[in-house]
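> Compute the structure for the input listed below.
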Amino acid sequence: MASAETIAAASQSPNTAGMAGRYAQALLALADDRRQADPGATDRIAGDLDRLFGLWRDDANFRAFVGDPRLDAQAQRRGAFGIIERAGIGDEVRNLVGVLIANRRLWALPQVAQNFGAILAERRGQQAAEVTSAHPLSDTQRAQITARLTEAGYSGVKLTERVDPSILGGLVVRIGSRLYDSSIKSKLQRLQYALKGAA
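Numbers count the residues shown, from 1 in each chain. The predicted structure is shown next:
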């Protein structure tokens with residue numbers, strides 16, 4: 001199938017930084033090809049990938065499934081395709097997941113989705129903000145973060161999210177060359193340095 005071949009071939013390409021970036025670039029190239037026959041292809045594919053990423057972000061069982069290295073390709077394909085079918089996700093993203101499974105890289109799905117969103121946001125003149133939190137964000141929190149970044153002078157912000165329990169709480173937001181770190185981990189480190197300096 002052309003879409004799987006395109007993604008598989010581009011995933012081997014050395015000219016895009018990072019493995020997840022190569023898969024994301026391949027999916028975007030496929031979306032560009034599909035736009036000739038379907039002008040809304042890019043938005044549809046982006047929506048499908050966002051929806052799958054949302055399932056991964058919000059469902060601890062799906063996160064565990066995606067990251068489980070013990071599952072063989074057949075079990076991964078059966079589980080992932082079942083979820084994709086129930087969610088009504090299209091063939092392009094389904095084929096991407098199939099290629100990730102065939103290459104034993106299903107664990108990279110969230111990074112591919114985030115790279116795709118960042119590349120598409122840059123192409124559309126949006127600013128990508130990577131938000132790291134200890135727990136998945138709620139819709140309200142996403143809206144508040146976007147509003148705060150807009151107040152700070154960033155327009156057309158597109159959030160990409162990462163869950164990292166090691167930050168304990170708070171947020172780490174990276175947008176452009178700026179880093180805003182209000183994580184509990186950083187606050188504890190600063191307190192530790194201050195106490196060492198006072199001793």
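
> Name the nearest residue to the most centrally placed residue in the chain, sequence neighbours excluded.
Nearest to the mean C-alpha position of the chain, counting by CA atoms, centre = their mean, stands Gln114 at 2.5 Å. Nearest non-adjacent residue to Gln114, counting by CB to CB, 6 or more residues apart in numbering: Thr160, 4.3 Å away. Yep, even glycine has a C-beta here, placed from its N, CA and C like the rest.

> ditto for Thr42
Nearest non-adjacent residue to Thr42 (CB to CB, 6+ apart): Ala31, at 4.4 Å.

> wait, doesn't that neighbour sit right on Glu92?
Yes: applying CB atoms under 8 Å, one finds Ala31 in contact with Glu92, separated by 7.1 Å.

> buried set for the helix or strand harbouring the residue nearest to Thr42?
Element membership for Ala31 (DSSP states H and E) is helix 19-35. For helix 19-35, a neighbour-count test (16 or more other CB atoms under 10 Å) marks 19-28, 30-31, 34 as buried.

> just stretch 170-187 next, same as before
Within stretch 170-187, the residues that qualify as buried are 171-175, 181, 183, 185, counting by 16+ other CB under 10 Å.

> Point out where the protein drops to low pLDDT.
Scanning the chain for pLDDT under 70 picks out the ranges 1-17, 198-199.

> repeat that with 80
1-17, 176, 197-199 (pLDDT under 80).

> quick check: domain ranges of it?
Domains of the chain are assigned by automatic domain parsing as 2-119, 126-198.

> which of these is buried the deepest?
domain 2-119 (a mean of 17; mean count of other CB atoms under 10 Å).

> for it, the distance to its chain's centre please.
The chain centroid and the centroid of domain 2-119 are separated by 10 Å under CA atoms, centre = their mean, to the nearest Å.

> separation between Arg174 and Lys158?
Distance from Arg174 to Lys158, counting by CB to CB, to the nearest Å: 13 Å.

> what is in contact with those two at once?
When CB atoms under 8 Å, 6 or more residues apart in numbering defines a contact, the residues bordering Arg174 and Lys158 alike are Ala129.

> from the buried residues of stretch 170-187, which is closest to Ala134?
Ser183 (7.7 Å; CB to CB).

> what's the spacing between the closest one and Ala87?
According to CB to CB, Ser183 and Ala87 sit 32 Å apart.

> Need the max-distance pair from the buried residues of stretch 170-187.
Farthest pair in the buried residues of stretch 170-187, by CB to CB: Ile175 and Lys185, 19.7 Å.
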